[in-house]
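> got a structure for you, letters missing:
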């Protein structure tokens, strides 16, 4: 097997299966009980804690850590889920180094924050290991809400609506629910089918009817949803991917990073998943890092992330950058693609060096060609086929307050809505808050 | 290098760190290893009268209280005195003392309050060549139910009586170990002195229940579903013990009587504090039981270093130095005015000082934008709670206000002169005296 590692082109089985299994193991493994106790004891129970302020879902972090300290991780989980029903996923995928853990006073004191993310996982795992769902559906209101997109925003919205007694029809274009949790996040962040297990657990509240394979605009229209339901929440994410707009983009081997990640997440056998010998990822966000690191873990000989701006401007966190570097990914800054070269299939990518001037990027005139039999585009996603009647801003659905769109009775949240970071935790907060607003409007 | 060697009641030891009478000193094997580890002396685990030895429970003997990261702060025990035959202990004591002539060897004794019982055991202890004896009038559990241990220590007349017997039938120094399970430790200390004791040692353990098992509703440590109060020791008892030491050290009737300090001594600093309050040496148990005999290395090195820094050539130089500063509340200087000061560079912005002050004290800390915590001098009474709850050492300090300045809380000029409650106008007794 090992000699396939040096085979040119996009081929499967570059690494033996046991190596692949080790490569894709849990990035942040669960705490053993003793580890959790030691980690929890470091929390200072701050007043008006900065970590809570930094959490988009405003989880009462000092309280839940204190509940772990006193031996009640399930109570801690309740504190988390009250604010963030996808607390299990967020514990795994949140860029805590940019959120709660960055704000932790022990980061200021010692450069070593309380490990909030892993403690959150400890608590939510404890609860989710138990059978049954911890929340009761509220008394039926007789109202029905359509939720479009079973990703973080839609799931959070649907769950909160169910808690409040509304009937929810949850539509998703894909075969499986979960959205980016299922299709768009690096496998080592959420291994062992956690995304599906979490959705199943979440739907355990009841009152949420899942309709998969139903895409807005293709299988169902906003008009129909408005007619059939008392309110609509749009949380379908961003279905499109930005183009390179460089010659050679159509060559074999050039594809969207999100599709590669989705294939990887759905692969039952990683050894059967093909990857290039020399991979170049264009972009500077989490998707770029996830695609690059996973290419490397699949056995690509060289993997390069080519980002057009400086390191400081990269949206992937320092932690993500370090993770990529540690896995052997080369990070190139201030380079943008000029052309993909190759005879039918990609063989090289030509990058032009850039410099920032007056807020804009200028080519320096110097270019470089590097080997690339596979090129992943990770230069941002776009909202496609937004229903008529919605106001867009910056290519996303314009919203005011808790996700209110310009259309009466229609709310939006998550990546498809303007404002907020494109993070799982932000989508959860937006879905939850929209649900509360929908509830207020339906019960007025 | 400071000289750590001490002479206590004429008994010399290379350092002031003795192991207290307890499980670590129950047998030759342990004591030899303790001496090899560098301990200055031991008080051998309490011996009982000739005859069938006591028996211990066959379940848990210890319960604990923890701080963060499961740091053991308090330990209680329901173990009794030695459960090995008297003769075996005496033989071992003699052997070890012969092999370690430079170390202090004290034998702890607990026999019934009958003259004959003491008359019987004391000559046999003397034959071991041990340096002295310690009378266990302190253990609060088990033996006290049989009229020994704390049951004696709680009756000054008994203390005096037994001490007198010991001085009569034993030639070497007699140390009386006191129980803290009394209302005023000065009375048993005076009784020991009146009985002719050469020294007192304190404290023995405090009657305690460390926890309750909420599944079985049994106190811990639990023996088949039942628990009995144990004796509490470890870092948690140090403040209680130091106060008792100081009370004896400054009592006119016992002032100057040698004291061996016991109670939660874990570091060199603990030892230095006890010595400054009048102890000629210290006894350690819980620290050794938690970390092993090796902890004495830190204690010796730390005390030596501190003594060098302070210019103390020997331990004798600072024994009791803090005693004159232990006083009654009524003599504290009411003209001393301080204010809390927060070092903004050291502050990590946890806000615990604010929560403590705002919720439970004097509303004297303000939050400024950017989580900047500042003291409101108009409200600050210098209670020190913010200092105590701050996780960063020396981030918050209490700064004395200079005489002549105005305290913004009271609007009064800070006076340079010492003035206490006895002369304060609000004191009814003081007003009467002034008439």
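Cool, the structure landed. Small disclaimer: the values here were computed from a predicted structure and weren't measured. Residues are numbered from 1 along each chain as shown, chains lettered A, B, ... in the order given.
> Roughly how far does the residue of the stretch 151-300 of chain B found nearest chain A sit from residue A:49?
Going by C-beta to the nearest C-beta, chain A is nearest to residue B:214 of the stretch 151-300 of chain B, at 10.7 Å. Where C-beta positions appear, they are placed from N, C-alpha and C, glycine not excepted. Separation of residue B:214 from residue A:49 (C-beta to C-beta, to the nearest Å): 29 Å.
> One more: residue B:32?
53 Å.
> Repeat that for residue B:134.
With C-beta to C-beta as the criterion, residue B:134 and residue A:49 are 51 Å apart.
> ok, back up a step: more neighbours, residue B:214 and residue A:49?
residue A:49 (24 against 7; other C-beta atoms under 10 Å in any protein chain shown).
> residue with max distance from the center of chain A?
residue A:365 (36.1 Å; C-alpha atoms, centre = their mean).
> Quick check: that one is in a strand.
Yes. Assigned with DSSP: H, G, I helix; E, B strand; the rest coil, residue A:365 falls within a strand.
> can you give me the helices for the stretch 101-250 of chain B?
B:115-127, B:150-153, B:156-169, B:186-194, B:238-250 (DSSP state H, counting those that start in this stretch).
> out of the ones you listed, deepest packed?
helix B:150-153 (a mean of 26; mean count of other C-beta atoms under 10 Å in any protein chain shown).
> Just give me how far it sits from the chain centre.
Offset of helix B:150-153 from its chain centre (C-alpha atoms, centre = their mean, to the nearest Å): 18 Å.
> just for the chain, where's the confidence low?
Because you didn't say which chain, this covers chain A. A:1-3 (pLDDT under 70).
> try again with chain B
B:431-435.
> Phi, psi for the residue in it that chain A sits nearest to please.
Relative to chain A, the nearest point of chain B is residue B:351 (3.1 Å; C-beta to the nearest C-beta). Here is the backbone geometry of residue B:351 (degrees, to the nearest 10): phi 80, psi 10.
> number of nearby residues for the residue of chain A found nearest chain B?
Residue of chain A nearest chain B, by C-beta to the nearest C-beta: residue A:47 (3.1 Å). Number of residues near residue A:47 (other C-beta under 10 Å) recorded here: 21.
> Am I right that it is in contact with residue B:354?
Yes. Residue A:47 lies in contact with residue B:354 (C-beta atoms under 8 Å); the separation is 5.2 Å.
> Helix, strand or coil: sort out residue A:192 for me.
With three-state DSSP as the criterion, residue A:192 reads coil.
> ok, now how distant is residue A:394 from residue A:243?
From residue A:394 to residue A:243 the distance is 18 Å (C-beta to C-beta).
> Between these two, point out the one with more neighbours.
residue A:243 (11 against 8).
> and the closest residue to that one other than its chain neighbours, helix, strand or coil?
Of all residues not flanking residue A:243 in the chain, residue A:249 sits nearest, at 6.5 Å (C-beta to C-beta, 6 or more residues apart in numbering or on different chains). Taking three-state DSSP as the rule, one finds residue A:249 in the coil state.
> who's in contact with residue A:195?
Counting by C-beta atoms under 8 Å, 6 or more residues apart in numbering or on different chains, residue A:195 touches A:89, A:178, A:181-182, A:185.
> Residue B:124 too?
Counted by C-beta under 8 Å, 6+ apart, residue B:124 has contacts B:86, B:90.
> mind running it again at 10 Å?
B:47, B:50, B:86-87, B:90, B:107 (C-beta atoms under 10 Å, 6 or more residues apart in numbering or on different chains).
> ok, of the residues you listed, which come out buried?
B:47, B:86, B:90, B:107 (16 or more other C-beta atoms under 10 Å in any protein chain shown).
> Just to check, the last one is in contact with residue B:93?
Okay, so that is residue B:107. Yes. Counting by C-beta atoms under 10 Å, residue B:107 sits close enough to residue B:93 to count as a contact (6.2 Å).
> joint contacts of the two?
With C-beta under 10 Å, 6+ apart, residue B:107 and residue B:93 have common neighbours B:25, B:42, B:44, B:47, B:125, B:128, B:130.
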